[in-house]
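In: sequence-free structure coming up:
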């Protein structure tokens, strides 16, 4: 018997269940357990290889479509656009792919409650969020090609600063407190 066979036989004796008989001939189904184990191992191995080929094929199809300018949007970004000072939703804010990035560009508008859903390309890039009376905000989205699946969702809540805010950028999120001086 080979060294590898003796090693596995030793592991099997050490870790087998207490209720199993010592001699496989006593049980009557000496071939059933090893066949079942091999079938399960084969099925898991087959599923793993199938998944690897599917994932690699999806990455190649995405890259080929991107190179041929036939990319379809499969990445969904959703969230709420809010005022950075009052935390109230901003109605009808514009959410779009950053125009300085690589085309194609997609865009969406937030609804009355500031809720938006943008369907875009599944790769790392930036989106731009703007609304009248607010400073535009640029946000990074997406994942590198080796971490993504062909489709995905991402949630981003975005706070926009008002143009004429009394707060400096360092005090975002800190509630404004008025200080009154009592004159005597």
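Out: Ah, there it is. The structure presented is a predicted model; accordingly, all values stated were derived computationally and were not measured.
In: longest helix in the chain, by residue count?
Out: In the chain, taking DSSP state H as the definition, the longest helix is helix 32-67.
In: Tell me which helix or strand comes right after that helix.
Out: In the C-terminal direction, the helix or strand that comes right after helix 32-67 (DSSP states H and E) is strand 75-83.
In: re earlier: buried ones in the longest helix of the chain, by neighbour count?
Out: 58, 62, 66 (16 or more other C-beta atoms under 10 Å). Glycine gets a C-beta too; all of them are placed from N, C-alpha and C.
In: before we move on, what about stretch 131-151?
Out: Buried residues in stretch 131-151 (16+ other C-beta under 10 Å): 131, 134, 137, 141, 142, 148.
In: to the chain's geometric centre, what's the distance from it?
Out: 12 Å (C-alpha atoms, centre = their mean, to the nearest Å).
In: got it, and stretch 75-92?
Out: Relative to its parent chain, stretch 75-92 has a centroid offset of 20 Å by C-alpha atoms, centre = their mean.
In: Between its first and last residues, how far does it reach?
Out: End-to-end distance of stretch 75-92 (C-alpha to C-alpha, to the nearest Å): 21 Å.
In: list the buried ones in it?
Out: Buried residues in stretch 75-92, counted by 16+ other C-beta under 10 Å: 75, 77, 78, 79, 80, 81, 82, 83, 84, 85, 89, 90.
In: Redo those residues as a markdown table? Include distance to residue 48 and pLDDT.
Out: Below are the buried residues of stretch 75-92 laid out as a markdown table (distance: C-beta to C-beta, whole Å; pLDDT from 0 to 100):
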| residue | distance to residue 48 | pLDDT |
| --- | --- | --- |
| 75 | 26 | 86 |
| 77 | 31 | 92 |
| 78 | 32 | 94 |
| 79 | 35 | 94 |
| 80 | 39 | 95 |
| 81 | 42 | 95 |
| 82 | 44 | 95 |
| 83 | 49 | 93 |
| 84 | 47 | 91 |
| 85 | 52 | 90 |
| 89 | 45 | 94 |
| 90 | 47 | 94 |
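In: Determine which two of the residues you listed are furthest apart.
Out: 75 and 85 (30.4 Å; C-beta to C-beta).
In: contacting residues around the helix or strand hosting residue 128?
Out: According to DSSP H and E, residue 128 maps onto strand 125-130. The contact list for strand 125-130 (C-beta atoms under 8 Å, 6 or more residues apart in numbering) reads 77, 81, 93-102, 118, 120, 136-142, 158, 160.
In: so what does the next helix or strand after that strand touch, helix or strand wise?
Out: Counting by DSSP H and E, the next helix or strand C-terminal to strand 125-130 is strand 137-141. Secondary-structure packing of strand 137-141 (3 or more C-beta pairs under 8 Å, 6 or more residues apart in numbering; DSSP states H and E): strand 125-130, strand 158-160.
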